[in-house]
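Undergrad: build the 3D model from these lines:
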Amino acid sequence: MATGLSAIFMAKRAALLRFLRARGAGENAEDLLQDMWMKLEAKDLGPVSDPVPYLYRMANNLMLDRYRSAIRRERREQDWAEGAGGVMADPTDDVPVDERMILVQRLDEARAVLRDLGPRVELIFRRFRIEGVGQKVIAEELGVSLTTVEKDLQKAYRAMLTLKQKLDTE
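TA: Residues are numbered from 1 along each chain as shown. Alright, predicted model coming up:
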C-alpha cells in the first residue's frame with residue numbers, strides 16, 4: 001500500500017492527468033504520470049511540506065524535460081543527417097570491437113531478462129520504451145487495463161534495474 005507522497009500521488013492522479021493534458025502533454029500524459037510514479041517509488045523522499053504543489057511542479061518539470069529532450073533529439077538527428085550529407089552511418093563505427101562485443105553481450109542479457117518475464121511484459125516494454133507507443137494505446141491494442149500495462153512496465157523496470165546493478169558490480 002502506498003504511503004506518504006505516493007499515497008497523495010494516487011489520490012491526485014486524475015487531477016494530475018488533467019493538469020498535464022491541459023498543459024499540452026496530450027497522449028503523453030499517462031506516460032509522464034508513469035515516469036512520475038517510478039521516480040516517487042525509486043527515491044526515498046523525506047517529508048514534503050506542501051505535497052500537492054510539489055507533485056504539480058514535478059509533473060510540469062517532467063513534461064518540460066521530455067519536451068526539451070525531444071527538441072534536442074530532433075536537432076541532433078537533423079544536424080547529424082546534414083553533416084553526413086544525408087547518408088546515415090552506423091553509429092557503432094567509432095566503438096572499438098571489444099567494447100562492441102561487451103555491449104552486444106549486455107544487450108543479449110537484457111533481452112533474456114525481458115523474455116523471462118513473459119511475452120506480454122516483454123511486448124509492453126518494447127512497445128513503450130523502444131517504439132515509443134503510449135501506454136493507453138498499448139492497453140487498447142492488447143485488450144488489457146492501463147493498470148496492467150503500468151504494472152508490467154514496473155516489473156520490467158525492476159528486472160532491468162536488478163540486471164544493471166549486477167552488471168555494475170562485475
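
Undergrad: list the buried residues in stretch 15-28.
TA: Buried residues in stretch 15-28, defined by neighbour count with 16 or more other C-beta atoms under 10 Å: 16, 17, 19, 20, 23, 25, 28. C-beta here means a position set from N, CA and C on the backbone, and glycine is covered the same way.

Undergrad: dump those residues to JSON lines, plus distance to residue 62 and secondary structure.
TA: Listed next are the buried residues of stretch 15-28 as JSON lines, based on distance: C-beta to C-beta, whole Å; DSSP: H, G, I helix; E, B strand; the rest coil:
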{"residue": "16", "distance to residue 62": "10", "secondary structure": "helix"}
{"residue": "17", "distance to residue 62": "13", "secondary structure": "helix"}
{"residue": "19", "distance to residue 62": "12", "secondary structure": "helix"}
{"residue": "20", "distance to residue 62": "9", "secondary structure": "helix"}
{"residue": "23", "distance to residue 62": "11", "secondary structure": "coil"}
{"residue": "25", "distance to residue 62": "9", "secondary structure": "coil"}
{"residue": "28", "distance to residue 62": "10", "secondary structure": "helix"}
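
Undergrad: for the residue nearest to residue 144 when sequence neighbours are not counted, list the residues it contacts.
TA: Using C-beta to C-beta, 6 or more residues apart in numbering and skipping residues adjacent in sequence, the residue nearest residue 144 is residue 120, 7.8 Å away. By C-beta atoms under 8 Å, 6 or more residues apart in numbering, residue 120 lies in contact with 142, 144, 152.

Undergrad: just the buried residues of those residues.
TA: residue 152.

Undergrad: dump the contacts of residue 120 to CSV, plus pLDDT.
TA: As requested, the contacts of residue 120 are exported to CSV (pLDDT from 0 to 100):
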residue, pLDDT
142, 88
144, 91
152, 94
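
Undergrad: and for the residue lying closest to residue 54 once chain neighbours are set aside, the neighbour number?
TA: Counting by C-beta to C-beta, 6+ apart, residue 54 lies nearest to residue 48, which is 4.8 Å off, once chain neighbours are set aside. Counted with other C-beta atoms under 10 Å, the neighbours of residue 48 add up to 14.

Undergrad: isn't residue 48 right up against residue 6?
TA: No. Residue 48 lies out of contact with residue 6 (C-beta atoms under 8 Å); the separation is 11.4 Å.

Undergrad: which one of the contacts of residue 120 sits closest to residue 108?
TA: Distance to residue 108 across those (C-beta to C-beta) is lowest for residue 152, with 21.6 Å.
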